[in-house]
Structure formats: C-alpha cells, structure tokens
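Colleague: pasting the structure only:
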C-alpha cells in the first residue's frame with residue numbers, strides 16, 4: 001500500500017478549499033442580517049423572505065425553467081436521432097459533414113455560437129424571446145446528448161434487436177421495445193446534461209434573449225454588476241441546496257440499485273446451485 005504524502009494531502013486540501021470555501025462563505029452570509037455582504041451583523045433569514053417577494057427574480061427563474069425543460073427535451077430527441085444515425089447509419093454521402101456539424105458546438109466558442117445565432121434570427125426576422133433562447137440552447141446542447149447516447153449505442157448488443165426482429169417485431173417496434181429501454185439511462189443522462197447546460201448558460205442566452213425573456217443567469221449577472229446583494233446570496237444558497245440534495249439522492253439511489261443487483265445475482269447463483 002502506498003503511503004499518503006504530506007504534499008498530496010496539502011494539495012488536495014488546498015484544492016477543495018479553493019473550490020468549496022467560497023460557497024461556504026456565501027451560504028453563511030446569506031443568513032446575515034446586514035445588507036452589507038461583507039459585514040456580519042447577526043443571524044437572520046429575512047433575505048429569503050425578500051427573495052420570495054422579488055418578482056423579477058421569480059419571473060427570471062420561471063423563464064429559465066421553461067427554457068431548460070423545452071430545450072433539453074428537444075436536444076434529447078434530436079441528439080438521440082443523430083447518435084443513432086451516426087452509429088447505425090454506416091457510411092453515407094455527407095457523413096463527415098453531418099458529424100462535423102453535430103459536434104462543432106463542442107469546440108466552438110460560445111461567443112461565436114451566440115453571435116451567429118443572433119445574426120440568423122435577425123436575418124429571418126424572428127423576434128428574440130423565449131423561442132429564440134430555446135432554439136439556441138437546443139443547438140449547442142444537442143451535441144452533448146449525441147456524444148452520451150453514441151457511447152452507449154456503440155457498446156449495444158445488436159443481437160437483441162435481431163432476436164426481436166426474428167420474433168416478428170418491426171424495426172420501429174424493435175427500437176421502441178428493445179433498444180430504447182436499454183439505452184434509456186444514457187438518454188436520461190443526456191437530458192440531465194442538456195438541462196444543466198441550459199440552466200447555467202449566460203453567454204448564448206445574452207445574445208438571443210429579448211426584453212421580456214430574461215433568464216436567471218442574466219438577471220443575476222445584471223444585479224451583480226450593481227453590487228452583490230444578500231438576496232443573491234440567498235438565491236445561490238437555495239440553488240446549492242437543490243444541487244446537494246439531488247447529488248445525494250442520486251448517489252443513494254445508485255448505491256441501492258447496486259446492492260439490489262448484487263443481491264439478485266447472489267440469489268440467482270444460489271438458485272442455480
């Protein structure tokens with residue numbers, strides 16, 4: 001067994017402190033009774049009450065959720081279709097161009113993507129609003145879904161589909177009843193990734209948003225430019241709490257499923273003997 005060196009421990013400690021200490025301070029100062037975010041004046045939850053009554057933040061949060069759900073759903077559908085074509089389509093005319101167009105947003109700077117989409121929407125006369133943000137987020141998040149689903153399709157056992165076809169299923173029924181349930185974890189992972197990217201996006205949304213469709217990242221950025229308020233600390237604390245609960249829940253569910261699978265395997269082995 002390798003002994004842990006002090007250098008590794010110190011580096012790991014400093015790294016985690018650099019990542020998480022600012023979040024801890026943010027959470028602590030969200031309960032500060034003072035309006036000054038750098039001066040502690042006592043414990044209070046009044047800023048959470050102020051946040052609930054702030055219609056601007058609530059409207060921005062609602063728009064953000066609507067955009068994230070719509071864009072991630074569209075990106076998942078289109079990304080899954082693109083991944084299926086790339087993996088199962090074999091060689092066809094324009095495959096290189098098609099795959100390049102699918103994966104280009106992965107390496108394209110967000111500023112270039114946002115600017116090009118802005119020029120496109122202006123050129124076709126489409127008013128900027130929720131629809132343009134959804135289209136923009138679908139465009140840049142679809143490639144991530146395609147990558148996740150493609151990695152699962154590459155390792156998929158096609159003999160299962162062939163068995164379904166031999167039993168009388170059509171190609172669509174074989175995909176719907178056999179392929180889709182097996183690749184469902186990858187599809188769900190792609191949807192969650194696209195949802196997270198949409199929630200977090202600021203650059204592309206700033207190019208494609210309209211006056212009545214401000215997303216939460218844009219609202220927070222605009223407010224921070226005028227100075228950090230305790231309401232932003234409270235909002236950030238709520239978001240950190242939601243993410244923490246989600247990660248812990250996912251870990252517990254994954255651990256429970258792993259234990260259940262191991263127990264089923266052991267039961268099957270005992271039954272075979």
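Modeller: Thanks, I have the structure now. None of the values given here were measured: they were computed from a predicted structure.
Colleague: What is the neighbour count of residue 71?
Modeller: Neighbour count of residue 71, defined by other CB atoms under 10 Å: 25. In short, each C-beta sits where N, CA and C put it, glycine included.
Colleague: now do residue 199
Modeller: The burial count for residue 199: 18, using other CB under 10 Å.
Colleague: before we move on, what about residue 144?
Modeller: 20.
Colleague: For it, list the residues it contacts.
Modeller: By CB atoms under 8 Å, 6 or more residues apart in numbering, the residues touching residue 144 are 75, 79, 106, 190, 193-194, 197.
Colleague: Closest one to residue 135 out of those, please.
Modeller: Nearest to residue 135 among those is residue 75, at 10.5 Å by CB to CB.
Colleague: Need the pLDDT of residue 122.
Modeller: For residue 122, the pLDDT comes out at 90.
Colleague: In three-state terms, label it for me.
Modeller: Look at residue 122: counting by DSSP: H, G, I helix; E, B strand; the rest coil, its state is helix.
Colleague: Could you measure from it over to residue 141?
Modeller: 22 Å (CB to CB, to the nearest Å).
Colleague: Looking at these two, which is more packed in?
Modeller: A direct count of neighbours by other CB under 10 Å for residue 122 and residue 141 places residue 141 higher, at 29 against 11.
Colleague: Correct me if wrong, but that one is in a helix.
Modeller: Yes: according to three-state DSSP, the state of residue 141 is that of a helix.
Colleague: Listing request: residues of the stretch 51-200 of the chain with sub-threshold pLDDT.
Modeller: The stretch 51-200 of the chain contains no residues with pLDDT under 70.
Colleague: just the helices in the chain please.
Modeller: Ranges of helices in the chain, per DSSP state H, are 6-29, 46-52, 55-88, 95-107, 110-123, 130-154, 158-166, 171-174, 180-200, 203-208, 216-225, 230-272.
Colleague: Distance to residue 36 added to the ones you listed, as a markdown table?
Modeller: Shown next, in a markdown table, are these (distance: least, CB to CB, whole Å):
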| stretch | distance to residue 36 |
| --- | --- |
| helix 6-29 | 9 |
| helix 46-52 | 12 |
| helix 55-88 | 20 |
| helix 95-107 | 41 |
| helix 110-123 | 34 |
| helix 130-154 | 34 |
| helix 158-166 | 63 |
| helix 171-174 | 62 |
| helix 180-200 | 28 |
| helix 203-208 | 29 |
| helix 216-225 | 15 |
| helix 230-272 | 9 |
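Colleague: And these: which comes nearest residue 40?
Modeller: helix 6-29 (7.3 Å).
Colleague: Show me what counts as buried in the closest one.
Modeller: Within helix 6-29, the residues scored as buried using 16 or more other CB atoms under 10 Å are 26, 29.
Colleague: quick one: contacts of that helix?
Modeller: Here helix 6-29 has contacts from 37-38, 40, 230, 233, 236-237, 240, using CB under 8 Å, 6+ apart.
Colleague: let's see 7 Å
Modeller: 37, 233, 236-237, 240 (CB atoms under 7 Å, 6 or more residues apart in numbering).
Colleague: and the angle from it to helix 230-272?
Modeller: For helix 6-29 against helix 230-272, the angle between stretch directions is 120 degrees (axes from the mean of the first three to the mean of the last three CA atoms, to 10 degrees).
Colleague: If you average the pLDDT over helix 6-29, what comes out?
Modeller: Per-residue scores along helix 6-29 average to 86.
Colleague: and the closest residue to residue 151 other than its chain neighbours, how many neighbours does it have?
Modeller: Distance criterion CB to CB, 6 or more residues apart in numbering; nearest residue to residue 151, sequence neighbours excluded, is residue 186 at 7.1 Å. Residue 186 has 20 neighbouring residues, counting by other CB under 10 Å.
Colleague: do residue 191 as well
Modeller: Residue 191: 21 neighbours (other CB under 10 Å).
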